[in-house]
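# The following block contains a protein sequence and its predicted model.
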Amino acid sequence: MKLKSFYYKYEPATLHFIHSGKKTKLRTFPSCTLKQDLQGQSVAVIGLGKSGRAAAKLALARGASVLAIDQNQNLRPLEKDPLFERHSGVRTILGQFDEELFKDAHVVVVSPGVPLENYGLSCLLQSGKRVMSELDFAAEVISRSIKILAVTGTNGKSTVVTFAGQMLNYLGIEAFVGGNLGKPLSEAALQCFTLPSSKPKFQVAVVEVSSYQIEIPNKYFCPSVTVILNLTPDHLERHKTMRNYALTKCRLLSHMANTKLGLLPLGNQHLNEAIKGHEFNVAWIGAFPGVKIDMEAKTASFEVPEIGIQSQLQLSTMKAMGIHNYHNAAVAALSILGLDIGVDAEALNSTIEILRAPPHRMQIVHKDICGVTWIDDSKATNVEAAYVGLMGLRRQKCVVLLGGLAKVLNGQDSNGFEQLVEPLNNHRCVITFGSSGLMIHKTLVDNGLSIPCIGAANLKDAISHARKMAKHGDAIVLSPGCASFDEFKNFEHRGMVFQELAFPS
């Protein structure tokens with residue numbers, strides 16, 4: 001039975017911002033109408049992880065039938081999933097797939113975990129077939145009144161997104177926080193269909209964006225503010241070269257809206273080349289126009305004349321661990337100012353003390369009876385992230401756990417761990433572990449490591465060694481600089497095991 005097309009209507013609404021007892025009008029939203037715009041069409045969703053499943057639900061809400069595809073034969077077909085069982089227009093294909101089935105699909109939605117070399121997607125894109133990322137598929141139906149803050153970069157993006165979400169939430173501004181972190185953007189789009197009300201559910205969408213999510217050029221995902229935090233070698237097994245990696249990241253600058261503010265790291269040659277041809281208001285992380293941080297005074301100064309920003313942020317009440325989090329907080333604050341939603345620096349000053357880093361990012365697990373602090377930085381899945389974590393702990397003696405599955409560094413002679421020698425030499429000792437443990441051990445020793453370096457088979461053994469080496473007042477830090485897939489499902493799994501082992505049985 002065919003469903004008739006139906007509409008949800010949002011009437012104009014005004015939001016108010018309350019700070020220090022003062023009520024300030026922010027903006028009036030135009031009405032927006034959402035409909036089952038894919039009625040009678042077929043959507044093929046490739047990759048049935050969290051993003052793919054959310055996209056499938058959104059496609060069904062938009063009136064389409066869904067062809068769900070994944071190479072993993074052990075997945076549960078969507079037809080047998082309680083979340084989909086009330087939908088008759090779903091067909092799941094696991095394992096082998098006949099590309100001829102794409103001929104009947106009006107839209108092909110690709111999950112971020114699926115490379116374009118798979119399923120003949122590159123050829124499909126060239127053929128003119130409508131192929132979209134999950135990000136763009138969701139953005140197509142999100143109200144244009146909702147301003148988007150997009151954050152990407154090799155390291156730190158989850159923390160900046162989390163900080164921005166915490167700031168907005170503290171100030172009473174409704175914000176979706178997700179994307180590559182937490183909920184896929186399709187979940188935000190779904191709320192437009194399932195929670196009709198007199199106004200849009202969110203005023204802001206704070207979206208973490210990975211390079212995998214923008215391999216397919218986006219058309220509908222139009223940030224008001226784009227942040228590219230940094231760019232260091234990572235994911236090169238997929239992007240092949242740093243030039244490709246930079247060009248992919250900079251796709252976020254190609255369809256911007258409203259203030260069109262782009263925050264970029266100062267002095268990155270690959271990004272400086274990749275931004276050519278994009279029109280946006282540039283701001284620098286570390287220079288004006290942009291943001292400068294005075295670590296002695298613990299202040300951040302903002303100057304972006306093109307969009308009328310000139311203010312200062314006090315960072316002295318910061319409680320999140322690590323010097324790098326002063327920078328993360330400052331970038332998050334400038335990004336919110338750039339959204340032009342009626343928030344000023346005075347209001348943002350009140351949010352600094354409530355900021356907390358997300359799990360597994362320099363997360364203090366506990367302080368044991370021996371006076372040793374346990375810190376989970378499992379999210380440090382590459383050398384640069386481990387370096388940042390170590391630099392943030394310069395005033396703390398640490399036993400550092402490095403290891404796992406080292407990332408591929410295409411076209412480079414080194415594995416990158418030699419750059420950790422200098423910060424490591426300020427600490428108590430290093431424990432290397434996992435499939436790349438021996439390689440990391442050799443690199444550190446060959447490049448002048450002056451503190452003890454102990455090899456361990458796995459994380460459990462590494463923690464056993466760490467307990468013996470740590471002294472009162474030290475910290476035991478898991479900041480592995482590697483992927484987790486030699487021993488764990490993902491970095492979250494690795495972090496949870498570390499946290500469990502931190503408490504003696």
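Done, it's in. As the structure is a prediction and not an experimental result, all values here were calculated from the model.

# Gln191 contacts Lys201, correct?
Yes. Applying CB atoms under 8 Å as the test, Gln191 and Lys201 come out as touching, 4.9 Å apart. The C-beta positions use only the backbone N, C-alpha and C, and glycine is treated the same way.

# Same drill for these two, tell me which one is more crowded.
The neighbour comparison of Gln191 against Lys201 (other CB atoms under 10 Å) goes to Lys201, with 19 against 15.

# contacting residues around that one?
Glu174, Phe176, Ala188, Gln191, Cys192, Leu195 (CB atoms under 8 Å, 6 or more residues apart in numbering).

# Tell me how far the longest helix along the chain lies from the chain's centre.
Among the elements of type helix in the chain, defined by DSSP state H, the one spanning the most residues is helix 324-339. Here helix 324-339 is found 15 Å from its chain centre; the criterion is CA atoms, centre = their mean, to the nearest Å.

# again with stretch 363-373
Distance, centroid of stretch 363-373 to centroid of chain: 28 Å (CA atoms, centre = their mean).

# Please work out how many residues are found near Glu279.
9.

# The one 5 residues further on now?
The number of residues packed near Trp284 is 17, by other CB under 10 Å.

# what does the average pLDDT come to for the helix or strand harbouring it?
Element membership for Trp284 (DSSP states H and E) is strand 281-285. Computed over strand 281-285, the mean pLDDT rounds to 97.

# Mind listing residues that contact that strand?
229, 259-266, 275, 289-291, 304, 306-307, 327, 331, 334, 338.

# And the chain, split by domain according to the record?
Recorded structural domains for the chain (assignment: automatic domain parsing) are 42-129, 137-354, 363-502.

# Return the distance of the second one from the chain's centre.
Right, domain 137-354. The chain centre lies 10 Å from the centre of domain 137-354; the measure is CA atoms, centre = their mean.

# how long is that domain from one end to the other?
34 Å (CA to CA, to the nearest Å).

# again, but for the shortest one
Distance across domain 42-129, first residue to last, is 13 Å (CA to CA).

# now do stretch 255-263
End residues of stretch 255-263 are separated by 15 Å (CA to CA).

# what sits against Gly404?
381, 433-436, 480-487, 494.

# Any stretches of the stretch 251-400 of the chain with poor pLDDT?
Judged by pLDDT under 70, the stretch 251-400 of the chain has no weakly predicted residues.

# got the buried residues for stretch 74-87?
Leu75, Leu78, Asp81, Phe84, His87 (16 or more other CB atoms under 10 Å).

# Reformat those as a markdown table; add pLDDT and secondary structure.
Converted to a markdown table, these look like this (pLDDT from 0 to 100; DSSP: H, G, I helix; E, B strand; the rest coil):
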| residue | pLDDT | secondary structure |
| --- | --- | --- |
| Leu75 | 92 | coil |
| Leu78 | 93 | helix |
| Asp81 | 89 | coil |
| Phe84 | 87 | coil |
| His87 | 77 | coil |
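
# quick one: which of those residues is nearest Ile463?
Taking CB to CB as the measure, Ile463 lies nearest Leu75 of the buried residues of stretch 74-87, at 33.2 Å.

# ok, that closest one touching Ile93?
No. The criterion here is CB under 8 Å, and Leu75 misses it with Ile93 at 10.6 Å.

# which SS class is the closest residue to Leu94 other than its chain neighbours?
In space, Leu94 comes closest to Gln73 once its chain neighbours are excluded; the distance is 4.7 Å by CB to CB, 6 or more residues apart in numbering. Using DSSP: H, G, I helix; E, B strand; the rest coil, the structure places Gln73 in coil.

# my read: Gln73 touches Ile93, true?
No. The criterion here is CB under 8 Å, and Gln73 misses it with Ile93 at 10.1 Å.

# More neighbours: which of these two?
Comparing Gln73 with Ile93 by neighbour count (other CB under 10 Å), the higher total belongs to Ile93, at 15 against 8.

# beta partners for the more buried one?
Applying DSSP bridges to Ile93 gives these bridge partners: Ile69.

# Distance of it relative to Val108?
Using CB to CB, to the nearest Å, Ile93 is found at 13 Å from Val108.

# Just the strands from the stretch 101-250 of the chain, written as ranges.
107-110, 131-133, 147-152, 175-179, 204-208, 225-228 (DSSP state E, counting those that start in this stretch).

# right, and those - which one's nearest Ala139?
strand 147-152 (7.7 Å).
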